[in-house]
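Enquirer: Turn this into a model:
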Amino acid sequence: MSKVGVSATGGGTSPRAAAGQAIRRALAAFGCLLALASAQAAPVQQQDPAPSVVVRRSETIQLAQADARRHTTSGEPIAVLFPDIGEPFRRIFAEIVDGIEDHSRLPVHSYPIGPGQDPADLAAALKRNGTRVVIALGRQGLKAGAGLDYPVVAGAVSSVPDADRASGILLSPDPALLFSQLKTLSPGVRRVFVVYNPANNDWLIKLARDAARSQNLELVAYEARDLATAARQYESLLSNADPRRDAVWLPQDPTTVDDATILPLALGAAWSRNLPVFSSNLAHVKRGLLFALYPDNTQLGRSLSALALAAMNGELRRGVLPLREVHSALNLRTANHIGLNVGPKLQRSFDVVYSEP
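Expert: Model (predicted):
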């Protein structure tokens, strides 16, 4: 399994320098995607170029895949709607589409959706191509798919309206995977703090409570419906958390997590108080947070395909799923600073490791 080691300070020469340049390119694309999220484009994170993956699928996905196999010779096409944007973002959607095509073994028609997309023209094109199911990627894709008379599977978005009735896989990693990784790195943790906007992540916190309970963790969740409230919540919890037993989770939430206000607060507490802070953003790990899980685009495409093919079989799953198709990143310098023992074997389990200078 190939891994990439990157200096946390960006130093290094020869092969390490080349690896660092590759990661910096990935991070640059990732940062642009976060900007797109606030501008109604797709908030997709750029995956690291390392080929190794950590893939875990729920029983629901496995059942969907079994149903999908019955359709591999049906010839019924899948339509994929995605934002019409340039590189490097288009490549991310292309990787998702690659996964869809690889899994479905059916003709897949991709439709780039621009700001002025005519709904009637799109509906006519879908009908002309014999579409049976739509996979809507990003905000623009999801908006375009909302008025269509087809089953719609959502992907590459951080939240959807009415999450209990929608179908798809969101960008928020499964809390069970996050908490398992946390316990592996810091077995003494007993309590996890999180600040979230219920309008975005009520569904995720419900999952997180169950996941925490199953792993003998206490989840302490604070609601915040604006950034100012979130900042006050973070200031209080970061100053009162006990580094010997507590950790802080920065979720995928555009209201309560931002790079200008919240991330500096979290980084300061992590370093000055030796507090484990983890995220779902690769760039946060480069900046100094302990670890993150982030999307594996191709594997995400395969799982979206499984849901789409199940929908073609009349079995559209209601209720969104968290992301289980993930890469992992670790900041070894931060781990050492806060007193965690991360040996070579554990380091090799991560796809990206930002190491000591």
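
Enquirer: Quick check, pLDDT for the residue of the chain most remote from its centre.
Expert: Here the centre of the chain is the reference, and by CA atoms, centre = their mean the most remote residue is residue 128, at 33.6 Å. With respect to pLDDT, residue 128 has a value of 92.

Enquirer: Ok, residue 40 next?
Expert: At residue 40, the pLDDT value in this model is 41.

Enquirer: need the strands for the stretch 51-200 of the chain, in chain order.
Expert: Taking DSSP state E, counting those that start in this stretch to define them, one finds strands in the stretch 51-200 of the chain at 54-55, 78-83, 108-113, 133-137, 152-155, 167-173, 191-196.

Enquirer: got the angle for the second one vs strand 133-137?
Expert: Here strand 78-83 points in a direction 20 degrees away from that of strand 133-137 (axes from the mean of the first three to the mean of the last three CA atoms, to 10 degrees).

Enquirer: Reformat the strands of the stretch 51-200 of the chain as TSV; add mean pLDDT and distance to residue 252.
Expert: Using the backbone N, CA and C atoms, a C-beta is placed for each residue, glycine as well. Shown next, in TSV, are the strands of the stretch 51-200 of the chain (pLDDT from 0 to 100; distance: least, CB to CB, whole Å):
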stretch	mean pLDDT	distance to residue 252
strand 54-55	32	18
strand 78-83	96	18
strand 108-113	95	22
strand 133-137	97	16
strand 152-155	96	14
strand 167-173	95	4
strand 191-196	98	10
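
Enquirer: Nearest to residue 286, out of these?
Expert: Proximity to residue 286 (CB to CB) singles out strand 167-173 among these, at 17.4 Å.

Enquirer: how far away is the residue farthest from the centre of the chain from residue 339?
Expert: Distance, residue 128 to residue 339, using CB to CB, to the nearest Å: 62 Å.

Enquirer: Same check on residue 349?
Expert: Distance of residue 349 to residue 339, given as CB to CB: 20 Å.

Enquirer: Look at those two and report which has more neighbours.
Expert: A count of neighbours by other CB atoms under 10 Å puts residue 349 above the other of residue 349 and residue 339, at 16 against 11.

Enquirer: List the residues that contact that one.
Expert: Going by CB atoms under 8 Å, 6 or more residues apart in numbering, residue 349 touches residue 328.

Enquirer: Same question for residue 302.
Expert: 99-100, 102-103, 325.
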